[in-house]
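Student: sequence and predicted model, in that order:
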Amino acid sequence: MYFSEAFKLMESGLKVKLPSWGGYWYWSKEKKTIIIHTKDGIEMDIRETQVPEYTFKNIASDDWIVADEKNCPELGGENTFSFGEAIKYLKRGFKVARKGWNGKKQYIQLATGIAYKTADGEIVNCEHDAIGNMAIAFVGTSGVQMGWLASQADMLAEDWVFAN
């Protein structure tokens, strides 16, 4: 949802967050301001933010959600998100995984600067005008698989999480 709707929900007493956050924001009727509750349990008035451009980027986001005990670590939950959000996070440099994957140390990440070695030992850099030099890498217990492809189940799942 857009921030305008998230703000109305805060004014009605709900907490809101972006899917990647461990904390949340809420409206303080007493102080008449938004309070930022961080993933570390620290609370601060939004007017005291030290990085306004980061705060403004968050406000401009269109993927606000209600924070609750299922999706917010500070409220006892866990950050989970859709495959579409997982792709956004990959592009931002995060490692992501499915909660349902068997291997607990398995994850995917965006690989860049991809090259390969030919049979005669030549190193070829994989530049491509239309798609660039990136691919999704699956990192598993047996090594790295370049060019990982999502299954239908992966694409429709809502149990994507950040990997360590």
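Tutor: Yep, that arrived.

Student: for the rest of this, base every contact and every neighbour count on C-alpha atoms.
Tutor: Will do.

Student: I figured residue 83 was touching residue 156, is that so?
Tutor: Yes: using Cα atoms under 8 Å, residue 83 makes contact with residue 156 at a distance of 6.8 Å.

Student: with neighbour numbers in mind, choose between these two.
Tutor: Higher neighbour count among residue 83 and residue 156: residue 83, with 22 against 12, using other Cα atoms under 10 Å.

Student: show me the contacts for the residue nearest to that one when sequence neighbours are not counted.
Tutor: Leaving aside its sequence neighbours, residue 83 sits nearest to residue 155 (Cα to Cα, 6 or more residues apart in numbering; 5.3 Å). Going by Cα atoms under 8 Å, 6 or more residues apart in numbering, residue 155 touches 82-84.

Student: which pLDDT value goes with residue 155?
Tutor: With respect to pLDDT, residue 155 scores 96.

Student: same question for residue 129.
Tutor: On the pLDDT scale, residue 129 is placed at 67.

Student: now do residue 159
Tutor: With respect to pLDDT, residue 159 scores 90.

Student: how many other residues sit next to the closest residue to it other than its chain neighbours?
Tutor: Leaving aside its chain neighbours, residue 159 sits nearest to residue 80 (5.2 Å; criterion: Cα to Cα, 6+ apart). Neighbour count for residue 80, taken as other Cα under 10 Å: 22.

Student: work out for me the element the most far-flung residue of the chain relative to its centre sits within.
Tutor: Centroid-distance maximum for the chain: residue 120 at 41.1 Å, with Cα atoms, centre = their mean. Assigned by DSSP states H and E, residue 120 belongs to no helix or strand.

Student: for it, give its distance to residue 126.
Tutor: Applying Cα to Cα, to the nearest Å, the value for residue 120 to residue 126 is 17 Å.

Student: any idea how far residue 15 is from the residue nearest to residue 55 when sequence neighbours are not counted?
Tutor: Excluding the flanking residues, the one nearest residue 55 by Cα to Cα, 6+ apart is residue 49, at 7.4 Å. Residue 49 sits 18 Å away from residue 15, going by Cα to Cα.

Student: please say which of these two ends up with more neighbours.
Tutor: Higher neighbour count among residue 49 and residue 15: residue 15, with 23 against 12, using other Cα under 10 Å.

Student: report the contact partners of the more buried one.
Tutor: By Cα under 8 Å, 6+ apart, residue 15 lies in contact with 9, 24-27, 66-68.
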